[in-house]
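# Here's a sequence, model it:
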Amino acid sequence: MKILLVHQNFPGQFPHLAPALVARGHQVLALTSETNQRPAPVRVVKYRKPEEITMSSRLTRLYADCAERGVRAAFAARQLRDKHGYVPDVIFGHSGWGETLFLREVWPEAKLLVYAELMYRTTGLDTDFDPEFSRPGLESRISTTARSAHLVQSMVQADAGLSPTQFQADTFPPELRAKITVCHDGVDTERLAPRPEARFHVPGTELTFRPGDEVLTFVNRSLEPYRGFHAFMRALPEVLAERPQAHVLIVGEEGQSYGAAPKDAVSWKQKMLDELAGQLDLDRVHFLGRIAYSDYIDMLHVSRVHAYLTYPFVLSWSLMEAMAAGCAVVASDTAPVREVITDGKTGRLVDFFDIAGWAETLSAALADPTAMAPMRAAARSHIIETYDLNTRCLPRLIDFVEQAGRA
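The predicted model follows:
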């Protein structure tokens, strides 16, 4: 089969699927943005960077941006067809940036699959979750509705969709949800298996941690409220006071991946440091920024307790990876997390906004690693049984694509 994978930041969600399809004898090509410089496991074709949209309303600009990206992807697709005679049997693309919007017009004979990551809603999800930062009112609802327009269009056009978790699939309305298969991208539980010999060196210091050391870890792509950075930071003064030997390792860049920037600081990190000035022992709180994946795994292997928070939103890969690594996880009691963690069995759940509860639970987990040991083992077992890359998820992902090609 000829299979086209589409993602502006390829390989994105397809780093394992793409080479696996090649290994099964399929011809796999990827369509991605010309700005994407990531190494790719298959041959790529790039579309031109979309033009900047200047005339649209600020409330509906996202749809205009996505439509323009879709146009660029479609023009590149037309060139593939007209100049090279390329016609895929299956197209599988992420719908989040609009790239799949017009591919049906170029290749009407192809089966179109979309990676359906999340459907935005005006109530009940991220938009109105956090009263500290939510923006109630008509303009906010219009903006959120507009953010869903290209996602709805993509799903209407698609022959089938795929979501990584039940929670994310269920954010779509019933008439679209019926098209969606739930299958996670998969966790490499062999690479993430606990390693007693692991070591993690804190750059710029003489500190090197080993499994068993009193280390609290926190991981975000960007340090921002969507992933509970503000709640976690507000719990730290009490945690550090209760646990005078503990060190905190924080991974994440300054800036935003999902939410808005703070209005009164250069970054959320700086905002929280300003708010907590004089309350943190910064010799024991280490901001690591973005680190290499191998270092990230080493860090998880030395973690005594791993904290994870999220709005009702896309579930982070890092949560499953921490569980696979055998971390004792303390996580927010929010809908996406409850799908993978059972309180008291595979981790501890704390109300997202309960700062005192976070401080107490994190301190108790750091103080008694023996009590957390059964939950660490159960968490890893759950990930192996449900989300393992090679035995569970990848075979289902391959079948999802191949069945579309046979239909």
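
# And for T391, the neighbour number?
By other C-beta atoms under 10 Å, 12 other residues sit near T391. The way it works is simple: take the backbone N, C-alpha and C, and place the C-beta from them, glycine included.

# Which residue, neighbours along the chain excluded, lies closest to it?
Spatial nearest neighbour of T391, excluding adjacent residues (C-beta to C-beta, 6 or more residues apart in numbering): I384 at 7.9 Å.

# Which residue is the nearest non-sequential neighbour of D274?
Closest residue to D274 apart from its sequence neighbours, by C-beta to C-beta, 6+ apart: A265 at 6.3 Å.

# Just say helix, strand or coil for the one you found.
Secondary structure assignment for A265 (DSSP: H, G, I helix; E, B strand; the rest coil): coil.

# Check the one 4 residues further on too.
Secondary structure of K269, reduced to three states by three-state DSSP: helix.

# so what pLDDT did it get?
Looking at K269, its pLDDT is 96.

# Could I get the contacting residues of it?
Residues near K269 by C-beta atoms under 8 Å, 6 or more residues apart in numbering: 223, 229, 254, 287.

# Give the closest residue to the second one in space, chain neighbours not counted.
Right, F229. For F229, ignoring the flanking residues on the chain, the nearest one in space by C-beta to C-beta, 6+ apart is L223 at 4.5 Å.

# how close does that neighbour get to S257?
10 Å (C-beta to C-beta, to the nearest Å).

# These two - which one has more neighbours?
Legend: neighbour count by other C-beta under 10 Å for L223 and S257, higher for L223 (27 against 13).

# ok so, going back, I'd say the residue nearest to T391 and M323 touch.
No. I384 is beyond contact range of M323, at 9.6 Å (criterion: C-beta atoms under 8 Å).

# out of these two, which sits in the more crowded spot?
Neighbour count, other C-beta under 10 Å: between I384 and M323, M323 has more, with 32 against 18.

# What residues does that one make contact with?
Residues near M323 by C-beta under 8 Å, 6+ apart: 329, 340-341, 346-347, 379-380, 382-383.

# Closest to G278 out of the residues you listed?
When those are compared for distance to G278 (C-beta to C-beta), V329 comes out closest, at 30.0 Å.

# Now the closest one: closest residue in space that isn't a chain neighbour?
G347 is the one closest to V329 (C-beta to C-beta, 6+ apart), at 3.9 Å.

# Show the contacting residues for the one you found.
Applying C-beta under 8 Å, 6+ apart, the residues near G347 are 323, 328-331, 341, 375, 379.

# Sitting in helices, which of the residues you listed do you find?
Members of the contacts of G347 lying in helices (criterion: DSSP state H): 323, 375, 379.

# No further questions, thank you.
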